[in-house]
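> need coordinates for the following:
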Amino acid sequence: MKRVAALAVAMIAVGSICFAQAKEAAPAAEKPQKEMKAAKPAGRVMMGDELYKEIGLSDEEIAKMKELREQMKEARKAKDEAKIKQLREEMDKIMTKERQAKMRDVLKAKAQDKQTTK
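Residues are numbered from 1 along each chain as shown. Here you go, the predicted structure:
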């Protein structure tokens, strides 16, 4: 019985030490969520107005896309599938198949440029 108790105490001690070391080794895990979101993802190249201009959208179309993106964000939060579908259709009217293809090409080229400069 004494061996079992000694073994349990040893396991608790080892577990506590491992936990303390893991906590010291991972200070990034303690960052507030907003700070984590503010950091730019590693693979991300370009989005928003800059990309829209590069693929040929007018200022009015860019403004409309911003508005639609905001509405889409709210519809997703509300899980309103009908609204999401309607907004997607409106976005597709602005982002024609040709523009979507051009956007993919631009993003692919920017990603390759970013990889070659590393």
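
> quick one, helices of this structure?
With helices called from DSSP state H, the chain shows them at 2-25, 33-38, 49-54, 59-78, 81-94, 97-116.

> next, the buried residues of stretch 55-68.
The neighbour-count check on stretch 55-68 (16 or more other C-beta atoms under 10 Å) flags 55, 57, 61, 62, 64, 65, 68 as buried. C-beta: built from backbone N, CA, C; applies to glycine.

> how about the fourth one, nearest residue that isn't a chain neighbour?
Sequence neighbours aside, residue 52 is the residue nearest to residue 62 in space, at 4.7 Å (criterion: C-beta to C-beta, 6 or more residues apart in numbering).

> what's the one you found in contact with, if anything?
Contacts for residue 52 (C-beta atoms under 8 Å, 6 or more residues apart in numbering) come out as 61, 62, 65.

> could you measure residue 116 against residue 110, distance?
The spacing between residue 116 and residue 110, counted by C-beta to C-beta, to the nearest Å, is 11 Å.

> which one's more surrounded, the two?
residue 110 (15 against 7; other C-beta atoms under 10 Å).

> the buried residues of stretch 55-68 into a markdown table, with extra columns for distance to residue 96 and pLDDT?
Shown next, in a markdown table, are the buried residues of stretch 55-68 (distance: C-beta to C-beta, whole Å; pLDDT from 0 to 100):
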| residue | distance to residue 96 | pLDDT |
| --- | --- | --- |
| 55 | 10 | 90 |
| 57 | 10 | 91 |
| 61 | 11 | 92 |
| 62 | 15 | 92 |
| 64 | 14 | 94 |
| 65 | 13 | 92 |
| 68 | 15 | 94 |
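
> can I get those residues in TSV including distance to residue 77?
As requested, the buried residues of stretch 55-68 are exported to TSV (distance: C-beta to C-beta, whole Å):
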residue	distance to residue 77
55	28
57	26
61	25
62	23
64	21
65	19
68	15
